[in-house]
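> Let me see the structure of the following:
(one chain, ligands or ions: 1)
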Amino acid sequence: MSYENLLVEDANGLLYLTINRPKALNALNAATLGELERFFTDDYRQHGQFHGIILTGAGDRAFVAGADIKEFLGIAEQGDGEKMARRGHDIFFLIENFHRPVVALVDGYALGGGCELAMACHLRVATQQARFGQPEVNLGIIPGYGGTQRLNQYIGKGKATELILTGNPIDATEAHRLGLVNYVLPDRETARSKAEELLQTIGAKGPLAIRESIRAINAYYANEHGYGTEARAFGDTTKTADFREGAAAFVEKRKANFRGE
Ligand code: DAK
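Coordinates of the predicted model:
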């Protein structure tokens, strides 16, 4: 089991899964998504018994700063945005439906696909320096990894609509107040201890009861229509001139000039 962008460590009956692209603020490129898929489909079995997983980002600046913008500039040319969104959905469903609890340990930016990844986890523990947001509209696209569905679930339609339409990030205190994160701790060490404590508590319960609780909770939110609509709309927006402009503006470190085309 060797990965380019994932680190897997066993610690105290738990698995630490770290997205390891700190120079790109752990942005999710296709290779990283593929490795997450491999891990949650099969590779986890090589670790025997474990209570749960702590999913985090390398370095001290970001959990994940989104999908890799530089890489998905190519999407516009290929025209397969909808297909990619559906694949992303499937990978994030693997996490959401995983039979052991997965805690996102968020220190720094959790933006776009990073916020969506944290939301696909069962619980979220953040440090004071965590920032959450869905800034896709800055690029001329919409969230494509379940953000339009899960943000509603955690914080309600009104605030989710505000965050998605403005693209404005929120800090950890606000994310906690809104119910997006379960706990906010002063720093990474205390946040890590809290995440471990949660998983040790859950690990002492009946594993079948935990698995079935996860299944039943998720059943309430399964919404084929919502995710399908998101994937199609994401695909449509990736074909626009606005998206090419938004992504180019990010790479060129300038403000985007959208024309609604
Ligand atoms: N992708 C690629 N590189 C990124 C990145 C990203 N998302 N975020 C940061 N980086 C890179 C920067 O380009 C920079 O690289 P160099 O210039 O040094 O080579 C390095 O990380 C450090 O970033 P900054 O220099 O920008 O650091 P600052 O402290 O000034 O700013 C920041 C930090 C997080 C505010 C800023 O980097 C930023 O705004 N990042 C982008 C946030 C964002 O818009 N994220 C993407 C949201 S859209 C899809 C489904 C879903 C999605 C996409 C596709 N499919 C189905 C295909 C989701 C899309 C999104 O996530």
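
> name the element the residue of the stretch 151-261 of the chain found nearest the ligand belongs to?
In the stretch 151-261 of the chain, the residue that lies nearest the ligand is residue 234 (5.8 Å; C-beta to the nearest ligand atom). Yep, even glycine has a C-beta here, placed from its N, CA and C like the rest. In this structure, residue 234 is located in helix 224-238 according to DSSP states H and E.

> downstream neighbour of that helix in the secondary structure list?
helix 241-251.

> low-confidence ranges in this structure?
75-77, 79 (pLDDT under 70).

> what residues does it put near the ligand?
Residues of the chain lying close to the ligand by C-beta under 6 Å from any ligand atom are 24-25, 27, 65-70, 72, 75, 81, 84-85, 88, 109, 111-113, 135-136, 138-139, 144-145, 234.

> sorry, back to before: can you report how many residues lie near the residue of the stretch 151-261 of the chain closest to the ligand?
For residue 234, the neighbour count with other C-beta atoms under 10 Å is 26.

> swap in residue 161?
Counted with other C-beta under 10 Å, residue 161 comes out at 14.

> just the one 10 residues further on next, same as before
For residue 171, the neighbour count with other C-beta under 10 Å is 16.

> Could you pull up phi and psi at it?
phi -90, psi 180 (degrees, to the nearest 10).

> Offset the numbering so it begins at 42, please.
All set: I'll call the first residue 42, so the last point we hit is now residue 212.

> Tell me where the stretch 92-241 of the chain has strands.
All strands of the stretch 92-241 of the chain, identified by DSSP state E, counting those that start in this stretch, fall at 93-98, 103-105, 143-147, 150-152, 164-168, 172-174, 211-212, 224-226.

> Save those strands as JSON lines, and put in distance to residue 75 too.
Below are these laid out as JSON lines (distance: least, C-beta to C-beta, whole Å):
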{"stretch": "strand 93-98", "distance to residue 75": "16"}
{"stretch": "strand 103-105", "distance to residue 75": "15"}
{"stretch": "strand 143-147", "distance to residue 75": "18"}
{"stretch": "strand 150-152", "distance to residue 75": "21"}
{"stretch": "strand 164-168", "distance to residue 75": "24"}
{"stretch": "strand 172-174", "distance to residue 75": "25"}
{"stretch": "strand 211-212", "distance to residue 75": "30"}
{"stretch": "strand 224-226", "distance to residue 75": "31"}
